[in-house]
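Visitor: This is a predicted model, with the sequence first.
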Amino acid sequence: GAVVSQHPSWVICKSGTSVKIECRSLDFQATTMFWYRQFPKQSLMLMATSNEGSKATYEQGVEKDKFLINHASLTLSTLTVTSAHPEDSSFYICSARDRGVQYFGAGTRLSVL
Amino acid sequence: AQKITQTQPGMFVQEKEAVTLDCTYDTSDQSYGLFWYKQPSSGEMIFLIYQGSYDEQNATEGRYSLNFQKARKSANLVISASQLGDSAMYFCAMRPRGSGGYNKLIFGAGTRLAVHP
């Protein structure tokens, strides 16, 4: 299947700082990418849909100013957690669609101290 | 409402035996897609199998098969000849047609499978 690369896989940051997570489609172009958040022992929660060349579409209850999404090219979307706080600590995972199937990155575990 | 239900929080199976993970869905759409993903402890989500709502044959991918019963709105995953490496969390997901053109997926709560030697 298609390959989606996500970096970093693990990040620890201080409260108040910003963290950027990258999601790349390695062997295909993706006009649409998706960002999810997953709490321990729970399912994936869609945060936003990232659209190449236009603004992201955020799900209800997700703060767009807190979670900035940029989809600058057909192979790269970034999620920036701004002014991170301990409650933002979570597992963030991206996906990209290739021929009808969403392929996922390996995820990023964010710990905010 | 669009919804995926996985009623088994956890399942155990003996190595080399088959196991069925249940999934039921709710949608009023006529066209939709059903997916199964595996999430090992490392966290990555691995695509296993896909079934389209208009597909007449049950999907199969190696040891994975999808028991699609449209009238009952169920899409159970069957894993044959279980291996120790199959121990993971399994998520059923649906992509309804009315997902805003962005192919959003709706996930179930997941089933944790443990394969015993």
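Guide: Yep, it's here.

Visitor: Skipping adjacent residues, who's closest to residue 86 in space?
Guide: Went with chain A since none was named. Counting by CB to CB, 6 or more residues apart in numbering or on different chains, A:Val112 is the residue found nearest to A:Pro86 once chain neighbours are left out, at 4.9 Å. For the C-beta atoms, the positions are set from N, CA and C on the backbone; glycine is no exception.

Visitor: You answered for a different chain; I wanted chain B.
Guide: B:Val115 (5.1 Å).

Visitor: pretty sure the one you found is touching B:Glu15, no?
Guide: Yes: with contact defined as CB atoms under 8 Å, B:Val115 reaches B:Glu15; the gap is 5.7 Å.

Visitor: okay, and for chain A, where does confidence drop off?
Guide: Scanning chain A for pLDDT under 70 picks out no residues.

Visitor: what is the residue nearest to B:Asp86 paired to in the beta sheet?
Guide: On the basis of DSSP bridges, B:Val115 is bridged to B:Val13.

Visitor: Against B:Gly110, how distant is the closest residue to A:Thr82 other than its chain neighbours?
Guide: Leaving aside its chain neighbours, A:Thr82 sits nearest to A:Ser18 (4.8 Å; criterion: CB to CB, 6+ apart). A:Ser18 sits 31 Å away from B:Gly110, going by CB to CB, to the nearest Å.

Visitor: So if I had to pick from the two, which one is more boxed in?
Guide: B:Gly110 (24 against 11; other CB atoms under 10 Å in any protein chain shown).

Visitor: Each with direction, which strands does the helix or strand harbouring B:Gly33 pair with?
Guide: Per DSSP states H and E: B:Gly33 is located in strand B:32-39. Strand B:32-39 has the following strand partners under DSSP bridges: strand B:46-52 (antiparallel), strand B:88-96 (antiparallel).

Visitor: for A:Arg97, which residues make a bridge with it?
Guide: A:Gln102.

Visitor: count of neighbours near A:Ala96?
Guide: 28.

Visitor: which ones are touching the residue nearest to B:Gly52 when sequence neighbours are not counted?
Guide: Once flanking residues are discounted, B:Gly52 sits nearest to B:Gly33: 5.5 Å by CB to CB, 6+ apart. By CB atoms under 8 Å, 6 or more residues apart in numbering or on different chains, B:Gly33 lies in contact with A:Gly100, B:Tyr50, B:Gln51, B:Gly52, B:Ser53, B:Met94, B:Arg95.

Visitor: For residue 7, which non-adjacent residue is closest in space?
Guide: Picking chain A for this. A:Glu22 (5.0 Å).

Visitor: hmm, I had chain B in mind actually
Guide: B:Asp22 (5.7 Å).

Visitor: wait, isn't the one you found in contact with B:Pro9?
Guide: No: contact criterion CB under 8 Å: B:Asp22 and B:Pro9 do not qualify, at 11.2 Å.

Visitor: which neighbours do these two share?
Guide: B:Thr111.

Visitor: which one of those two has more residues nearby?
Guide: It is B:Asp22, of B:Asp22 and B:Pro9, that has more neighbours when counted by other CB under 10 Å, with 17 against 10.

Visitor: what sits up against the helix or strand harbouring B:Ala75?
Guide: Element membership for B:Ala75, per DSSP H and E: strand B:74-79. Where contact means CB under 8 Å, 6+ apart, the residues beyond strand B:74-79 that reach it are B:13, B:18-25, B:34, B:36, B:48-49, B:51, B:63-69, B:86, B:90, B:92, B:113.
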